[in-house]
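A.B. asks: Sequence first, predicted model second:
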There are 2 protein chains.
Amino acid sequence: MSERNRTVPRIGMVGGGQLSRMTHQAAIGLGVDFSVLATSPTDSAALVCGDVALGDDRGLDDVFAFAKDRDVLTFDHEHVPEPVLRELEEAGMLLRPGRAALRFAQDKLRMRTRMAELEAPSPRWRAVTTLEHVVSFAERTGWPLVLKAARGGYDGKGVWMVQATEEAREVVDRAAAEDVPLLVEEKVDFSRELAAQVARSPHGQVAAYPVVETVQRGGVCHEVIAPAPQLAEDKATHAQQLAIEIAHALEVTGMLTVELFETTEGVVINELAMRPHNSGHWSIEGARTSQFEQHLRAVLDLPLGSPKADAPYTVMANVIGGDDPEVYRRYLHVMAEDPELKVHFYGKSVRPGRKIGHVTVMGEDHQDLWERARTAAAYLRGDRC
Amino acid sequence: MSERNRTVPRIGMVGGGQLSRMTHQAAIGLGVDFSVLATSPTDSAALVCGDVALGDDRGLDDVFAFAKDRDVLTFDHEHVPEPVLRELEEAGMLLRPGRAALRFAQDKLRMRTRMAELEAPSPRWRAVTTLEHVVSFAERTGWPLVLKAARGGYDGKGVWMVQATEEAREVVDRAAAEDVPLLVEEKVDFSRELAAQVARSPHGQVAAYPVVETVQRGGVCHEVIAPAPQLAEDKATHAQQLAIEIAHALEVTGMLTVELFETTEGVVINELAMRPHNSGHWSIEGARTSQFEQHLRAVLDLPLGSPKADAPYTVMANVIGGDDPEVYRRYLHVMAEDPELKVHFYGKSVRPGRKIGHVTVMGEDHQDLWERARTAAAYLRGDRC
């Protein structure tokens, strides 16, 4: 028998990406037993975690084998198919979030339908199976429009901005050929994008993080400013309350991120994610309890930690891979230039466009922080500064 | 060939205790290749680190085998014998800190001799091989006196406070029988204990942390208050300068901790440690750059990070094992009571008197923080509160 303290719970995280990697860091602090199901030994989390199972992180057999020795199962992505989740739950395994919640993060049609039932602020939308659906929708909203695959998209994948009927036809035909369900949404005229993160435990406790501004380019999150500058307190509170209502209504356990558009009329829901999320990486240094620790506390039904910010502003910038794979040698410059900057690398090989890490800076002047974070991220990418 | 980015350096840490465990957490953020030589798979770091070698962390063969695939070797304890360090260096392996520095952390006689050469403030002391050495020393200083084993002690082990000749005789006789070199030191009349931590890189860059107060009981660190309350700025600066001078003179690479007594005449050096140290655990949340990240940056000769504090005060309390091994179930109470408290557990089985974790709180009122940290640590230990 191992000398190890066997009273600590065993958590398994399905998926070996950077979210698992950073959750592992938090699990070490809590002293809980954390393991990862990864598809490859070179997955971001598999490189560092002491307890790694290798297998298909979307397939029943491997997920089932992984889950059976764990007290609770959680996820670093939304891609485990619903029938797999159903079988796990029917076998008595504890999934957090559970299938009933996850399906709203997995399927945008279901999410939009549910948000409509909750009367949560949403863009106009409808399900699309024929081009005529798009055309008649456009008669109400005008062009351009946003077509989305109901399932499987992330980081701008599965989202198409279309300007006119011919462009829409291409997307609809391709989706029909690939049997991908589609929906169409009006293009929201937004001033900026926000994200409201909350944690919810099975106990029903919630903790709401400061609402952040997310700066996206090409559908990919580039920077996050926490809290969102010049966001009126009533608007911030409204966004937090909205996220809390959704978390309760959908019975989310763990972290929930509600991605929002800010418009002149108020906020509009863009996407939901039920896991630690890129918009919350700032919280590792910037909040009293990081989203990764909070996710673990929530899925373990422990009391939640304080989500309060530790500095007036924290800015995070993603490091996106460029042409030069030699990132490490750039540390010398970036660290010498800005000794307060925190560097996070995910151990991933560098490919152009791939998120390979992030940097975080904390302080008082969000414009200054934003420039420092962007400069460091650009330098690490290999851009000329 | 692995997809992993091979341009990142490979660091090996000798020893699998909690210092390795927390260094592993920092290494994940930096994205460097970190491995541990542990004596058992249930060692604190071995439980969580993705790359663990098992072997004798003080023996030539195992340390040599571990070191040969690493770019740089560092240590979570001072117990690798000097002849082993010598062979490693003679084989061209990069040790940071190196043998020339480490011997002053390994041997209190050498340390005291070197501090005297540097004219660094020290208690009166002398080497002891016979009881007469102690008695003649006592004629100058009076009783009680402190006898110390020159090597191998830590956490109050190897240190004996003796009141009179007969007590000294026991220690001297036992040391002679076990062939342990001894020294005697005057008992310093101190108001409190302080610690000055600095990092030094091979490049010669240094970063000095705020000077902290350490509260010891029975030779074991119980709490740390950062910065030391009511420490005059000139005294704090003097302690930092002293630590910097020692780091340069001894050519330390990595973290150096100078444990100090505060007296009416100024500070007096108690001990040196050349690794992350219990007195710096507060820096995980409380400083912009934790001592663990800083140690890695120093050892890798990267530019050092900012050591500045993130809050007016940070208090850390060690969690010492009590009679009840069921620590985890106490999380519910402690986390509910104080959502801002940070819990760190080391994965070690609970034994009375053993350091099994620590807690940290940040804020403005050090007395309040101290009480909160002590209360949480006592509760986690199993004391009635």
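C.D. replies: Noted; the coordinates are in hand. Values in this document were obtained by computation on a predicted structure and should not be read as measured data.
A.B. asks: Double-check A:C49 against A:Q18; I have them as touching.
C.D. replies: No. A:C49 is beyond contact range of A:Q18, at 12.0 Å (criterion: Cβ atoms under 8 Å). All C-beta spots, glycine's among them, are computed from the backbone N, C-alpha and C.
A.B. asks: between those two, who's got more neighbours?
C.D. replies: A:C49 (27 against 24; other Cβ atoms under 10 Å in any protein chain shown).
A.B. asks: Read off the pLDDT value for A:L95.
C.D. replies: On pLDDT, A:L95 comes in at 98.
A.B. asks: burial count for it?
C.D. replies: A:L95 has 22 nearby residues by other Cβ under 10 Å.
A.B. asks: do the same with A:R124
C.D. replies: 14.
A.B. asks: and the residue nearest to A:E223 when sequence neighbours are not counted, what does it touch?
C.D. replies: Counting by Cβ to Cβ, 6 or more residues apart in numbering or on different chains, the nearest residue to A:E223 once its immediate chain neighbours are dropped is A:V215, at 4.3 Å. Counting by Cβ atoms under 8 Å, 6 or more residues apart in numbering or on different chains, A:V215 touches A:R192, A:E193, A:C221, A:H222, A:E223, A:V224, A:I225.
A.B. asks: list the contacts for A:E223?
C.D. replies: A:T214, A:V215, A:V315, A:M316, A:A317, A:N318, A:W370, A:A373, A:R374, A:A377.
A.B. asks: can you check A:T360 too?
C.D. replies: A:H281, A:W282, A:I284, A:E285, A:G286, A:T314, A:V315, A:M316, A:L341, A:K342, A:H344, A:A373.
A.B. asks: Doesn't it belong to a helix?
C.D. replies: No. Looking at A:T360 with DSSP: H, G, I helix; E, B strand; the rest coil, it is strand, so not inside a helix.
A.B. asks: Report the beta-bridge partners for it.
C.D. replies: Using DSSP bridges, the bridge partners assigned to A:T360 are A:M316, A:K342.
A.B. asks: mind checking pLDDT for it?
C.D. replies: 98.
A.B. asks: Same question for the one 3 residues further on.
C.D. replies: The score at A:G363 is 97. That number is its pLDDT.
A.B. asks: Also A:D323?
C.D. replies: Value for A:D323, per-residue pLDDT: 87.
A.B. asks: likewise A:Y154?
C.D. replies: If you check A:Y154, the pLDDT there is 59.
A.B. asks: same thing with A:A376?
C.D. replies: For A:A376, the predicted pLDDT is 96.
A.B. asks: Taking the centroid of chain A, which residue is nearest it?
C.D. replies: Nearest to the geometric centre of chain A sits A:H277, at 2.8 Å (Cα atoms, centre = their mean).
A.B. asks: mind checking the SS state of the residue lying closest to that one once chain neighbours are set aside?
C.D. replies: Spatial nearest neighbour of A:H277, excluding adjacent residues (Cβ to Cβ, 6+ apart): A:T257 at 3.9 Å. On the three-state scheme (three-state DSSP), A:T257 is labelled strand.
A.B. asks: coming back round to it: identify, from the contacts of A:E223, the entry nearest to chain B.
C.D. replies: When those are ranked by distance to chain B (Cβ to the nearest Cβ), A:M316 comes first, at 13.0 Å.
A.B. asks: residue ranges with poor pLDDT in chain A?
C.D. replies: A:1-6, A:153-156, A:384-385 (pLDDT under 70).
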